[in-house]
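Provided below are the primary sequence and the corresponding predicted coordinates.
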Amino acid sequence: MGLHMDAALVGGGIFHVLSRKLLLWKLLWDKNCRGISLKTQELYLLMYLFRYLDLLYLYVSLANTLVKVFHLVVALAIVLLMRYSPAAQTYDADLDSFPRAYLVLPCLILAFFLNRVKLIVEICHSFSVYLEVLALLPQFVLLYKRQIYENWVLVFTVFCGGERLLQTLSVATDWTESVKEDPYAVLADVVHAVVFLSGLGLLLWQRVQVKKQQGLNESGAQLPNFDEVWEASKFRFEDQEANRGDAVRR
């Protein structure tokens, strides 16, 4: 059981590294962030800021500190690159329209009431847990509106959600103990799994429908080319002018 839990946690860590590495590579080398939600990345940054407040007062180990700082720095770098680097020109700002307040405020309210200990630090940590559950929603909404996007964007989205999903599997290996230790975190894991799998299923279904539509367009009647449309428009214009001339002469 412990082996399965460790494997799930390691898998989640690998998904995290792969997702951030993929996005940073696209931002820095390809100058491309089409299909990526800046709002989701800002929510991830906010999540890490609240989750790692213990860096200000608690030292566990050098490795623990370096990992937390790494998460914070990478999340901040992604947000800055999407806002101010040349890749910002490819950002789908018009499609990334999901209101952040609709996600932040409910998570903040839940954090005040659903936590293990009524301490500011614990409330902040609970807020980060609940926010992670909903952080991918702007990403799903953007892709659903966009309909057509590159494969790497879908892979990136799977990596982001799969990270937490694998951690949920590690909890499931010792469900009773996990519920006793932190029932609110377990509930958040379950809700995240439902949100992620539902959003991913909707995107895959839409992708199939778009492919079918493209196939119908390719196999259907041939659309007129530009020259044909131009000639038809010219003849209609000449007919209208001739009719106007007849009316004036009368």
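Yep, it's here.

So in the chain, which helix runs the longest?
Longest helix of the chain, by residue count under DSSP state H: helix 183-219.

Would you mark the buried spots in that one?
Residues of helix 183-219 classed as buried by neighbour count (16 or more other Cβ atoms under 10 Å): 184-186, 188-189, 192-193, 195-196, 199-200, 203, 207. All C-beta atoms are positioned from the backbone trio N, CA, C, and that covers glycine.

Contact partners for residue 111?
By Cβ atoms under 8 Å, 6 or more residues apart in numbering, the contact set of residue 111 is 123-124, 126-127, 130.

Switch the residues you listed over to JSON lines; also include distance to residue 137, pLDDT and secondary structure.
Below are the contacts of residue 111 laid out as JSON lines (distance: Cβ to Cβ, whole Å; pLDDT from 0 to 100; DSSP: H, G, I helix; E, B strand; the rest coil):
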{"residue": "123", "distance to residue 137": "22", "pLDDT": "92", "secondary structure": "helix"}
{"residue": "124", "distance to residue 137": "21", "pLDDT": "93", "secondary structure": "helix"}
{"residue": "126", "distance to residue 137": "19", "pLDDT": "93", "secondary structure": "helix"}
{"residue": "127", "distance to residue 137": "16", "pLDDT": "95", "secondary structure": "helix"}
{"residue": "130", "distance to residue 137": "13", "pLDDT": "95", "secondary structure": "helix"}
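
which among the residues you listed gets closest to residue 104?
residue 127 (8.7 Å; Cβ to Cβ).

Tell me where the model's unsure across the chain.
Where the chain drops to pLDDT under 70, the residues are 1-9, 170-175, 217-250.

change it to 80
By pLDDT under 80, the low-scoring segments of the chain are 1-13, 116-118, 167-182, 214-250.

Okay, helices next: where are they in the protein?
2-25, 38-51, 62-84, 101-113, 120-134, 137-146, 151-172, 175-181, 183-219, 226-249.

can you give me the angle the second one makes with helix 120-134?
When you say that, I think you mean helix 38-51. Counting by axes from the mean of the first three to the mean of the last three Cα atoms, to 10 degrees, helix 38-51 lies at 150 degrees to helix 120-134.

I'd like the helices of the chain laid out as JSON lines, including distance to residue 32.
Shown next, in JSON lines, are these (distance: least, Cβ to Cβ, whole Å):
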{"stretch": "helix 2-25", "distance to residue 32": "10"}
{"stretch": "helix 38-51", "distance to residue 32": "14"}
{"stretch": "helix 62-84", "distance to residue 32": "11"}
{"stretch": "helix 101-113", "distance to residue 32": "26"}
{"stretch": "helix 120-134", "distance to residue 32": "26"}
{"stretch": "helix 137-146", "distance to residue 32": "14"}
{"stretch": "helix 151-172", "distance to residue 32": "9"}
{"stretch": "helix 175-181", "distance to residue 32": "40"}
{"stretch": "helix 183-219", "distance to residue 32": "19"}
{"stretch": "helix 226-249", "distance to residue 32": "30"}
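
Relative to residue 94, which of the ones you listed is closest?
Across these, closest to residue 94 is helix 137-146 (Cβ to Cβ), at 8.9 Å.

how about the closest one: buried residues?
Under 16+ other Cβ under 10 Å, the buried positions of helix 137-146 are 137-143.

and those, which two are the farthest apart?
137 and 143 (11.0 Å).

Against residue 74, how distant is the residue nearest the centre of the chain?
When Cα atoms, centre = their mean is applied to the chain, the residue found nearest the centroid is residue 139 (2.8 Å). Computed as Cβ to Cβ, to the nearest Å, the residue 139 to residue 74 distance reads 17 Å.

ok, back up a step: quick one: contacts for the residue nearest to the centre of the chain?
Neighbour list for residue 139: 36-37, 40, 157, 160 [criterion: Cβ under 8 Å, 6+ apart].

Would you format these as JSON lines with distance to residue 167 and neighbour count included?
Converted to JSON lines, these look like this (distance: Cβ to Cβ, whole Å; neighbours: other Cβ atoms under 10 Å):
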{"residue": "36", "distance to residue 167": "23", "neighbour count": "26"}
{"residue": "37", "distance to residue 167": "22", "neighbour count": "27"}
{"residue": "40", "distance to residue 167": "18", "neighbour count": "24"}
{"residue": "157", "distance to residue 167": "17", "neighbour count": "25"}
{"residue": "160", "distance to residue 167": "13", "neighbour count": "25"}
